[in-house]
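>>> Show me the folded form of this:
(2 chains)
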Amino acid sequence: AQSVTQLGSHVSVSEGALVLLRCNYSSSVPPYLFWYVQYPNQGLQLLLKYTTGATLVKGINGFEAEFKKSETSFHLTKPSAHMSDAAEYFCAVSLGNTGKLIFGQGTTLQVKP
Amino acid sequence: GAGVSQTPSNKVTEKGKYVELRCDPISGHTALYWYRQSLGQGPEFLIYFQGTGAADDSGLPNDRFFAVRPEGSVSTLKIQRTERGDSAVYLCASSLGAWGTDTQYFGPGTRLTVL
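You can find the predicted model right below:
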């Protein structure tokens, strides 16, 4: 069965520092992987996704993630945090033939001035 | 264009009552998904529709929960005999198709509180 684990429910960084949010998955078939962001009182918004091809995926707002099959990981990074990046981030894996998403527990990113 | 909309945004009800939550997907999207998000958790899949039919309802917790999409567009999630444990944010998402690579676009959610 597919599952997603996000390491660290809360991550705090200083403005301008590197952002690293960790995601590991388990899947019996080649996974499709997603990162979503949820700002306060807003719906989930897609940051980026990996389906096939290039393993380094670039998304919106300067975020990127790298699919590493050998490590079953899909960590999210951003070189320099901005105050507006403070939000909750969810990693998800989909079942290829249905699109049903399995989400991790989420990581709250705090950005300190 | 218009995104996914959900009504009401907030619903407070008493234990044992019946509630309906509505989702208007993006026009032209054939797939529609319902998820439930409890406090401090990631969204959990409930059910998805491809067109008018429920293609997978394996996430519905019990037979008090039911969802319909009669014309292949708007969907309604129905909860009978509500319990306090049903309190959560109910999210709806739609996508062009139901393949795993299709991006799901989420609505803002309906926050359900059962007193």
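
>>> CA only for contacts and neighbour counts going forward, please
Fine.

>>> And for residue 87, the neighbour number?
No chain specified, so I'll use chain A. Residues within reach of A:Ala87, counting by other CA atoms under 10 Å in any protein chain shown, total 16.

>>> wrong chain, I was asking about chain B
20.

>>> B:Arg84 now?
With other CA under 10 Å as criterion, B:Arg84 counts 14.

>>> Enumerate every residue touching it.
Remark: with contacts taken as CA atoms under 8 Å, 6 or more residues apart in numbering or on different chains, B:Arg84 is in contact with B:Lys15, B:Thr113, B:Val114, B:Leu115.

>>> From the residues you listed, list the buried ones, please.
With neighbours counted using 16 or more other CA atoms under 10 Å in any protein chain shown, those contain these buried positions: B:Lys15, B:Thr113, B:Val114.

>>> picking that back up, cross the contacts of B:Arg84 against strands and list the overlap.
B:Thr113, B:Val114 (DSSP state E).

>>> Check which residues of stretch B:20-32 are buried.
The neighbour-count check on stretch B:20-32 (16+ other CA under 10 Å) flags B:Leu21, B:Arg22, B:Cys23, B:Asp24, B:Pro25, B:Ile26, B:His29, B:Thr30, B:Ala31, B:Leu32 as buried.

>>> give me the beta-bridge partners of the residue nearest the centre of chain A?
Against the mean C-alpha coordinate of chain A, by CA atoms, centre = their mean, the closest residue is A:Trp35 at 3.5 Å. Taking DSSP bridges as the rule, A:Trp35 bridges to A:Leu48, A:Cys91.

>>> Now do the strands in the chain.
All of this refers to chain A. Taking DSSP E as the criterion, chain A carries its strands at A:3-7, A:10-14, A:19-26, A:32-38, A:44-50, A:56-58, A:64-68, A:73-78, A:87-94, A:101-103, A:107-112.

>>> Hmm, no, I was thinking of chain B.
Secondary structure of chain B by DSSP E: the strands cover B:5-7, B:10-13, B:19-24, B:31-37, B:44-50, B:53-56, B:65-68, B:75-79, B:88-95, B:105-106, B:110-114.

>>> Let's have those in JSON lines, adding distance to chain A and mean pLDDT.
Below are these laid out as JSON lines (distance: least, CA to the nearest CA, whole Å; pLDDT from 0 to 100):
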{"stretch": "strand B:5-7", "distance to chain A": "10", "mean pLDDT": "97"}
{"stretch": "strand B:10-13", "distance to chain A": "12", "mean pLDDT": "98"}
{"stretch": "strand B:19-24", "distance to chain A": "13", "mean pLDDT": "98"}
{"stretch": "strand B:31-37", "distance to chain A": "8", "mean pLDDT": "97"}
{"stretch": "strand B:44-50", "distance to chain A": "7", "mean pLDDT": "95"}
{"stretch": "strand B:53-56", "distance to chain A": "8", "mean pLDDT": "90"}
{"stretch": "strand B:65-68", "distance to chain A": "16", "mean pLDDT": "97"}
{"stretch": "strand B:75-79", "distance to chain A": "17", "mean pLDDT": "98"}
{"stretch": "strand B:88-95", "distance to chain A": "8", "mean pLDDT": "97"}
{"stretch": "strand B:105-106", "distance to chain A": "6", "mean pLDDT": "96"}
{"stretch": "strand B:110-114", "distance to chain A": "10", "mean pLDDT": "98"}
